[in-house]
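Enquirer: give me coordinates for this.
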Amino acid sequence: MDTVSVNQFRDKLKTFVEQVVTNHTPIKVTRRAGEAFVVMSAEDWEREQETLYVLQNTSLMKQISDSVVTHGKGSGYTPTSEELDEVTGI
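Expert: Prediction:
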């Protein structure tokens, strides 16, 4: 993550915003008083929130863990060709 001063950020706001949105790379902005903040795209913020939700959901994490085990054994659920077509939109 790139770090810039608040003055640099203010002077090149449009450039930094374009970088954050286009490259999906957050920027840490530091202030003279020591506090800092992070600028990230809304899309990346939403993705982070979804990830945190999944990681905090014990039931969902258990399902994922069980799925990994059955997949590794080759004993997991195998969808029918119709179900695959519905999922893939073919």
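
Enquirer: contacting residues around residue 26?
Expert: Residue 26 makes contact with 1, 20, 38, 39, 40, 44, according to C-beta atoms under 8 Å, 6 or more residues apart in numbering. Where C-beta positions appear, they are placed from N, C-alpha and C, glycine not excepted.

Enquirer: quick one: neighbours of residue 57, just the number.
Expert: By other C-beta atoms under 10 Å, 12 other residues sit near residue 57.

Enquirer: what pLDDT does the model give it?
Expert: Per-residue confidence at residue 57 stands at 95 (pLDDT).

Enquirer: which SS state does residue 38 fall under?
Expert: Each residue gets one of three states, and residue 38 gets strand by DSSP: H, G, I helix; E, B strand; the rest coil.

Enquirer: any regions of this structure where pLDDT drops low?
Expert: When residues are selected by pLDDT under 70, those of the chain lie in 90.

Enquirer: okay, now residue 20: neighbour count?
Expert: Under the neighbour criterion other C-beta under 10 Å, residue 20 is assigned a count of 19.

Enquirer: adjust the sequence numbering to begin at 16 for everything that follows.
Expert: OK, 16 is where the count begins now, so the last one is residue 35.

Enquirer: which ones are touching it?
Expert: Contacts of residue 35 (C-beta under 8 Å, 6+ apart): 41, 42, 54, 55, 56.

Enquirer: one more time with 10 Å
Expert: Neighbouring residues of residue 35 by C-beta atoms under 10 Å, 6 or more residues apart in numbering: 17, 41, 42, 53, 54, 55, 56, 57, 59.

Enquirer: now the buried members of these.
Expert: Those of those that meet the buried threshold are 41, 42, 54, 55, 56, by 16 or more other C-beta atoms under 10 Å.

Enquirer: so what's the first one closest to, chain neighbours aside?
Expert: Beyond its immediate neighbours in the sequence, the residue positioned closest to residue 41 (C-beta to C-beta, 6 or more residues apart in numbering) is residue 55, lying 3.9 Å away.

Enquirer: how near is that neighbour to residue 17?
Expert: With the distance defined as C-beta to C-beta, to the nearest Å, residue 55 ends up 12 Å from residue 17.
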